[in-house]
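Colleague: test case, fold it:
(chains A, B and C)
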Amino acid sequence: MAHNKPEWGVRRLRRTDLPIDTAEMARYLIGKTLVHDLAVGRVSGRIVETEAYVVGDAAGHAFRGLTRRNRSLFLDRGRAYVHFAYGMHMMLNVSSEIRGVGAGVLLRALEPLDGISFMEHWRDHASLLDLARGPGRLAQAMGIDVRCDGLDLCAPGPLWLGASTRPAGEIGSSVRIGVSREARRLLRFYDRNNPYVSGPRSLSA
DNA sequence: AGTGCGATTGACT
DNA sequence: GTCAATCGCACTA
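Modeller: Predicted coordinates for the structure are as follows:
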């Protein structure tokens, strides 16, 4: 069960820790930690929900080939791809294949760990449960914007991935949220017993 | 050049 | 439950 215990000694994930397959990466990232070290302090959270946008996926932003906007998806796995959506929201993805192949994992929800007071401020004092529940909220709570696009999450730097802070729970899967193309594919993954998940928690495991 | 729409969210009936 | 906000990009002409 969630307890929001801060964790300052988390080990950074190395690129070699990351699976090279996008769907495997989406499942692997459940339970891992996302950390952003800013001048004001650290914000971090436990990743509880992801979606895979795999190679050849018509719903993926890389589907039509390399452009200025989606270029980070074509970097080696473990890079940040930050997308500006609906004219107002940021969304954070992790690139997930070898260099030159476009695919990524969307981070959809976090259980807040460190820097909760910063998150509350940036999220206009939303409730703890809603601070990072949803991809746009997650980016806002973590202080992530387009300047983070292309950052290497596996290299020394402000934005990085850390190991799990406690044993992973049961992982469920479902169709992706808000996606019309390739809508039947079960490429959303979530921690079944975590209340910080954004959408349905009832579909197949 | 114009149009439609999206990997969303928050406010409102 | 419904709906507007708000803008970059793909697509049509």
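
Colleague: can you list the residues of chain A near DNA strand C?
Modeller: A:64, A:67-69, A:84, A:86-88 (Cβ under 7 Å from any atom of the strand). For the C-beta atoms, the positions are set from N, CA and C on the backbone; glycine is no exception.

Colleague: out of these, which touch DNA strand B?
Modeller: Within those, those near DNA strand B by Cβ under 7 Å from any atom of the strand are A:86-88.

Colleague: check which residues of stretch A:93-108 are buried.
Modeller: A:93-97, A:101-108 (16 or more other Cβ atoms under 10 Å).

Colleague: and that stretch, how far apart are its ends?
Modeller: For stretch A:93-108, the first-to-last residue distance is 9 Å (Cα to Cα, to the nearest Å).

Colleague: what about that stretch, near DNA strand B?
Modeller: Yes: Stretch A:93-108 lies within reach of DNA strand B by Cβ under 7 Å from any atom of the strand, at A:93, A:104, A:106.

Colleague: of all residues in chain A, which one is closest to DNA strand C?
Modeller: A:G87 (2.6 Å; Cβ to the nearest atom of the strand).

Colleague: turn the residues of chain A next to DNA strand C into a markdown table, including secondary structure, neighbour count and pLDDT.
Modeller: A markdown table is the format used below for these (DSSP: H, G, I helix; E, B strand; the rest coil; neighbours: other Cβ atoms under 10 Å; pLDDT from 0 to 100):
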| residue | secondary structure | neighbour count | pLDDT |
| --- | --- | --- | --- |
| A:R64 | coil | 10 | 95 |
| A:T67 | coil | 12 | 95 |
| A:R68 | coil | 5 | 94 |
| A:R69 | coil | 13 | 95 |
| A:F84 | strand | 14 | 97 |
| A:Y86 | coil | 7 | 96 |
| A:G87 | coil | 5 | 96 |
| A:M88 | coil | 8 | 96 |
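
Colleague: quick one, what contacts A:R71?
Modeller: A:G150 (Cβ atoms under 8 Å, 6 or more residues apart in numbering).

Colleague: pretty sure A:L138 belongs to a helix, no?
Modeller: Yes: secondary structure of A:L138 (DSSP: H, G, I helix; E, B strand; the rest coil): part of a helix.

Colleague: tell me how many other residues surround it.
Modeller: Neighbour count for A:L138, taken as other Cβ atoms under 10 Å: 30.

Colleague: same question, A:Y28
Modeller: 21.

Colleague: how about the one 5 residues further on?
Modeller: Other residues within reach of A:T33 by the criterion other Cβ under 10 Å amount to 24.

Colleague: and for the one 4 residues further on?
Modeller: The tally of other residues near A:D37 (other Cβ under 10 Å) stands at 16.

Colleague: could you measure it against A:D57, distance?
Modeller: Using Cβ to Cβ, to the nearest Å, we find A:D37 at a distance of 32 Å from A:D57.

Colleague: show me the contacts for A:W122.
Modeller: A:140-141, A:143.
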